[in-house]
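A.B. asks: Can you look at this prediction? I've put the sequence above it.
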Amino acid sequence: MQYTIAKDNLKKFIGELTKNYVVYAPKRNNESTVLYGVINSFDEYESSALLTNTTSKDKVYLQSEKFFDFKKTPHGVELKQNEETKKTIIFGCRPCDARGFNIIDKLFSWAGYKDEYYFSKRNNTLILTVSCANPEVTCFCTSFNEGSPVSGIGSDLLLTEIKKDKYLVDVLTANGQKLISEYKKYFEDVDENDNNLKEEFKKRAESKIVKKIDVNEIKKKLDNAFESSYWDTVHLPCVKCGVCTFVCPTCYCFDITEKVFDYINGERNRTWDTCMSETFTRMAGGVNPRFDSKRRFRQRFMHKFKYHVDNFKEELCTGCGRCIKYCPVGIDLREVLEGVK
C-alpha cells in the first residue's frame, strides 16, 4: 500500500503524533552533534543530517536498563518490574538503522528464546524511516542484499521525497497501515508517476555510494582466515576505544550487573558492553581467551562477517559507515575486509 503526503501535512502529522506518542527524531544538540531526542514539534527535527552521531537503536535497546528491583524479605526475595513501556515512534530513521532493528530482532528471539525486555519496547515502537538522498563517502549499504538508501526493511513506514515538499509513503507493516488509518486526513492517493519518481530517487542516491564490498567473497576468505598472519599487524592502529561498536546499529554485546544498596535492597541492570574491551571476555579467576588486542580485533570482523552469517545467513552490518566515520585512527572496515588473506 502506498500514499503521498505533502510536507506541510507531514509537519501536522508529526505534531499530532507527539500528543499520543513519545516521538524521537534526529535533533541537533550542538554545532557538530545530532542525536535522537524527544521532539514536541516537526520544527525540532534536524532533517539536514544524513546520519545522527549514534544509532536510533538505543531508543529500543537501551544503553543502560534496569530489569527489576529486588528486596530480601523473611519469606524470600521480592521482585519489582519496571513500569509499562510507553508507546514510541522513531521518526527520521534512516534505512540502515531501520534494517539494524530487523537484524537484532532475530538475535533477541533466537532458538526459542525471546528477550522480554527488548520486545516490551520493540513491540511498542513504530519506525518511520526517511530515504537517503545524499549518502556519505563512508556509506556502503548497497553492499548487502537488502541494503539501499530506499530500503524499507525494519520500517513500518518509508518516506521518500519524490518532489520538493512531497513524499511517497510506503506502508510496510500492519501497524504502519493502522497508524495511517488513524490520521488518514493527512495522506493522499498516489499518482501514476510517483513510483517512477521514487525509482529515479533510488538511482541517484545509489550512484552516490562510492565504494562497495563483495560480502560473499569476503565470507569465503574469512572461513579460512582465523589463523592468518594478516591479523598480526592489521590490528596495530586500533586503540580499542570501542567507538565502532557503540555507534553501530547491530552491535548488541552487553553486561548484566547487580547493585546492592544495603543488605536488603538492590537492582539488576543490563548495560551495553563491547567486544573490544579486555574485560569483556575475562572470566572468574582472571582467565581471558582474548587477552590481547589482536584477538579482540579479529573477533569483531569474524563475528560480523563470518560467525553471524553462519548462524543467520546475513551479515551483522548494515553499511551505515559510522564505524569508519568516527574511528579516531581512521580504520576503514571496508579496507580491512578486502585485505583479508
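C.D. replies: The structure has been received and is ready for your questions. From a predicted model like this one, the values you see are computed outputs, not experimental measurements.
A.B. asks: Can you check the distance spanned by stretch 36-50, start to finish?
C.D. replies: Stretch 36-50 stretches 12 Å from its first residue to its last (C-alpha to C-alpha, to the nearest Å).
A.B. asks: And that stretch, what's buried?
C.D. replies: When neighbours are counted by 16 or more other C-beta atoms under 10 Å, the buried residues of stretch 36-50 are found to be 36, 37, 39, 42, 44, 45, 46, 49, 50. Any C-beta I mention is one placed from the backbone N, CA and C, and that applies to glycine too.
A.B. asks: try stretch 321-331
C.D. replies: For stretch 321-331, a neighbour-count test (16+ other C-beta under 10 Å) marks 321, 322, 323, 324, 325, 327, 331 as buried.
A.B. asks: Please name the nearest non-neighbouring residue to the fifth one.
C.D. replies: Pointing back at residue 325 there. What sits nearest to residue 325 in space, not counting adjacent residues and going by C-beta to C-beta, 6 or more residues apart in numbering, is residue 138, at 4.6 Å.
A.B. asks: Identify the residues contacting residue 98.
C.D. replies: 127, 129, 151, 152, 153, 154, 155 (C-beta atoms under 8 Å, 6 or more residues apart in numbering).
A.B. asks: What of residue 60?
C.D. replies: Applying C-beta under 8 Å, 6+ apart, we find residue 60 in contact with 88, 90, 101, 118, 121, 122, 125.
A.B. asks: In those, find the pair that's most separated.
C.D. replies: Spanning the widest gap among the contacts of residue 60 are 90 and 118, at 14.8 Å by C-beta to C-beta.
A.B. asks: Looking only at neighbour counts, state which of the two leads.
C.D. replies: Neighbours per residue (other C-beta atoms under 10 Å) separate residue 90 from residue 118, with residue 90 holding more: 26 against 20.
A.B. asks: Doesn't that one lie inside a helix?
C.D. replies: No - judged by DSSP: H, G, I helix; E, B strand; the rest coil, residue 90 forms no part of a helix; its state is strand.
A.B. asks: pLDDT score assigned to it?
C.D. replies: Confidence per residue is given as pLDDT, and for residue 90 that number is 98.
A.B. asks: how much space between it and residue 211?
C.D. replies: Here the distance between residue 90 and residue 211 works out to 28 Å (C-beta to C-beta, to the nearest Å).
A.B. asks: And the pLDDT at the closest residue to residue 260 other than its chain neighbours?
C.D. replies: On the basis of C-beta to C-beta, 6+ apart, the spatially nearest residue to residue 260 that is not a chain neighbour turns out to be residue 266, at 4.1 Å. What the model reports for residue 266 is a pLDDT of 94.
A.B. asks: Could you do the one 3 residues further on as well?
C.D. replies: In the predicted model, residue 269 carries a pLDDT score of 95.
A.B. asks: didn't it look like it was pressed against residue 254?
C.D. replies: No - the criterion here is C-beta atoms under 8 Å, and residue 269 misses it with residue 254 at 9.8 Å.
A.B. asks: quick one, helices of the stretch 51-200 of the chain?
C.D. replies: Secondary structure of the stretch 51-200 of the chain (DSSP state H, counting those that start in this stretch): helices located at 95-107, 116-122, 174-182, 194-207.
A.B. asks: try the stretch 201-341 of the chain
C.D. replies: When assigned using DSSP H, counting those that start in this stretch, the helices of the stretch 201-341 of the chain occupy the ranges 215-222, 230-234, 243-246, 293-302, 308-312, 322-325, 333-338.
A.B. asks: what's around the residue nearest to residue 260, how many residues?
C.D. replies: Applying other C-beta under 10 Å, we find 16 other residues in the vicinity of residue 266.
A.B. asks: Quickly list what it is bridged to.
C.D. replies: residue 70, residue 260 (DSSP bridges).
A.B. asks: Contacts only, for it.
C.D. replies: With the criterion set at C-beta under 8 Å, 6+ apart, residue 266 makes contact with 69, 70, 71, 258, 259, 260.
A.B. asks: Of these, just say which sits nearest to residue 192.
C.D. replies: Within those, the smallest distance to residue 192 is 58.0 Å, found for residue 69 (C-beta to C-beta).
A.B. asks: Pretty sure residue 83 is one of the things the closest one touches, is it not?
C.D. replies: No - with contacts counted by C-beta under 8 Å, residue 69 stays clear of residue 83, the gap being 11.5 Å.
A.B. asks: Counting neighbours around each, name which of these two comes out higher.
C.D. replies: Between residue 69 and residue 83, residue 69 has the larger neighbour count (other C-beta under 10 Å), namely 16 against 6.
A.B. asks: Please determine how far that one is located from residue 270.
C.D. replies: If you go by C-beta to C-beta, the gap between residue 69 and residue 270 works out to 14 Å.
A.B. asks: rewinding a little: for the residue nearest to residue 325, give me its contacts.
C.D. replies: Contacts of residue 138 were listed using C-beta under 8 Å, 6+ apart, and they are 321, 322, 324, 325.
A.B. asks: thought the first one was touching residue 143?
C.D. replies: No - Residue 321 is not in contact with residue 143 according to C-beta under 8 Å; the separation is 10.5 Å.
A.B. asks: burial count for the closest residue to residue 312 other than its chain neighbours?
C.D. replies: Nearest residue to residue 312, sequence neighbours excluded (C-beta to C-beta, 6+ apart): residue 106, at 6.0 Å. As a burial measure, residue 106 scores 12 neighbours (other C-beta under 10 Å).
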